Each structure stands twice: as C-alpha cells, then as structure tokens.
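Asks: only geometry, no sequence info:
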C-alpha cells in the first residue's frame, strides 16, 4: 500500500503560480512511476502530467505543456507539480497518483494503483 498526501492547493489569480506537492509513504517510492490528475466540477477526471521512476521521462497533457512542470525527489519521497500562467479553466481538484510498481507511467485512470485525497486549486479571472 502506498499512501499519498497532497498539499499546496489554494486560490490564485489568473496568470499566477502554484506549486503542488505530494508526499508518499508505505513502500519504496522510487519503485513507482508517478503522476498528477485533475477533476473539474461536472467533468471527468483527466490526466495532467506523469514522471518516470528515476525522474526522467516526463509527459504532459496538451493543456499543461509549457506551463506545468512535474518533478520528483526520491530521497524525500515527494513529487511536485509546478503550475505557472494559471487559467480559470485550470480550476479543479488535483490528485497525486502512483502507477503500478515497476509499471508504466500513469496517463489514464486505469494505470493508477494508488490515489491521494486531492487538493483544490481555484483560479480566479
């Protein structure tokens, strides 16, 4: 079992920045590819970004490319999402996600083995 706890959400004006952080516990963090997903009100949860076990091999949704950066620190068991140039349409609950141990990077719900509880990001216009 991997427990994931997110932090860093909040209210920000359009054009601003937020940094989300997720800390993991319970297993060897470096064994798991990690990702971030989000769910806006009335919409399905969608993929945002993912990163490989060693910190290489990042991949982003088109909506996040050029604005968001995912990173991880295996020594600290953390994965972060730096979000810049935020837009009102980025408003959502953001979820930290772990893929299967030694598995593929999670780019869709079916590839996620563990979820965090979510953190709210609200971008005002």
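Replies: Cool, got the structure. Computed from a predicted structure; not experimentally measured. Numbers count the residues shown, from 1 in each chain.

Asks: Could you find the closest non-adjacent residue to residue 13?
Replies: Closest residue in space to residue 13, ignoring its immediate chain neighbours: residue 124 at 5.4 Å, by CB to CB, 6 or more residues apart in numbering. C-beta: built from backbone N, CA, C; applies to glycine.

Asks: Please name the bridge partners of the residue nearest the centre of the chain.
Replies: Centroid check for the chain by CA atoms, centre = their mean gives residue 36 as the closest residue, at 2.1 Å. Taking DSSP bridges as the rule, residue 36 bridges to residue 49, residue 96.

Asks: Next, the contact list for it, please.
Replies: Shown in contact with residue 36 (CB atoms under 8 Å, 6 or more residues apart in numbering): 20, 22, 48-50, 70, 79, 81, 94-97.

Asks: Same check on residue 35?
Replies: 47-51, 70, 96-99, 105-107, 112.

Asks: Residue 37 too?
Replies: So residue 37 contacts 45-48, 94-95, 97, 109, 112 (CB under 8 Å, 6+ apart).

Asks: between the contacts of residue 36, which is closest to residue 63?
Replies: residue 48 (7.6 Å; CB to CB).

Asks: so that closest one touches residue 60, yeah?
Replies: Yes - Residue 48 lies in contact with residue 60 (CB atoms under 8 Å); the separation is 7.2 Å.

Asks: For these two, list the residues in contact with both.
Replies: Joint contacts of residue 48 and residue 60 (CB under 8 Å, 6+ apart) are residue 68.

Asks: Name the residue in these two with the higher neighbour count.
Replies: Neighbours per residue, other CB atoms under 10 Å: of residue 48 and residue 60, the larger number sits with residue 48, 24 against 19.

Asks: give the contact list for the more buried one.
Replies: By CB under 8 Å, 6+ apart, the neighbours of residue 48 are 35-38, 60-61, 63-64, 68, 81, 94.
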